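>>> From the sequence below, what's the structure:
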Amino acid sequence: MKKQHFTLIELLVVIAIIAILASILLPALNRARDNARGTTCLNNLKSFAKASILYANDYGGYWLPYKAPFQSGETYGTNLQEFHSYLGNSGNFTSNGYYPANLLCPLSRGFLYYNSNNKAFLQLSYGFSYYGLTIKDHFAAYKLSRINRPSRYVAFADALDSLLWNLSYNTYVTSGREANKTVGGTGLWGFRHNDGVNVAFFDGHAGRLSSTEAEARKSYIVRPLGNL
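Residues are numbered from 1 along each chain as shown. Take a look at the predicted model:
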């Protein structure tokens, strides 16, 4: 029986069909992957807010402090062993600001460039609100009962710094997005989820804000005690 072979034209047609299918499917697959990463990030932020609420329940209604005394100096509240315990991260606890990769945003610089121990600085992934605390006391914390609408104010958010103060989509883009190698001091929010930012609020819920939504709330979103 005579064997049949594909002609060159037939092979080119098959290759063209495969290319067309790939061009249709790959964007959908990329969107699905990014959506899954966004969900992981939201779950992390929700865990941070819930852990802070648990902390408040055990410490007189005070939210996780901006900074706290540690050994002979001080450290950020997110580096406290108690906070790691509420996160279920006691086994990976370190006081130097390193967090395991599974507690970082999968699209963040912290996750993309974590070290050989699968850990990276939290500040390369998430930041937290602190407005007004440095005015009151260096180791001050928000009293939850003084926050009238906790669902309105952001406690944690995608960021490139521990402290949230530079809410600017344009600066995030022009400074190189996640390629920005400046560690600390920028206060920069991270609009890494399809040009949106994932946030967690003081009532424990989390969600995504587009750059437009975030900047429209800029005047109050990280000021749970109002303008001091």
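
>>> gap between the residue most central in space within the chain and residue 83?
Compute the mean C-alpha point of the chain, and by CA atoms, centre = their mean the closest residue is residue 158, 3.0 Å away. Here residue 158 is placed at a distance of 19 Å from residue 83 (CB to CB, to the nearest Å). Quick note: C-beta positions are derived from backbone N, CA and C, even for glycine.

>>> about what we covered before: where does the residue nearest to the centre of the chain fall, secondary structure wise?
strand 154-158 (DSSP states H and E).

>>> One more: residue 209?
Per DSSP H and E, residue 209 falls inside strand 206-210.

>>> Can you give me the buried ones in that strand?
For strand 206-210, burial by neighbour count (16 or more other CB atoms under 10 Å) applies to 206, 208-209.

>>> Distance to residue 64 added to these, as a markdown table?
A markdown table is the format used below for those (distance: CB to CB, whole Å):
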| residue | distance to residue 64 |
| --- | --- |
| 206 | 16 |
| 208 | 23 |
| 209 | 22 |
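
>>> Please convert these to a markdown table, extending it with distance to residue 123 and pLDDT.
Listed next are these as a markdown table, based on distance: CB to CB, whole Å; pLDDT from 0 to 100:
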| residue | distance to residue 123 | pLDDT |
| --- | --- | --- |
| 206 | 19 | 97 |
| 208 | 21 | 96 |
| 209 | 20 | 97 |
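
>>> Name the nearest of these relative to residue 22.
Ranked by distance to residue 22 (CB to CB), the buried residues of strand 206-210 are led by residue 208 at 28.7 Å.
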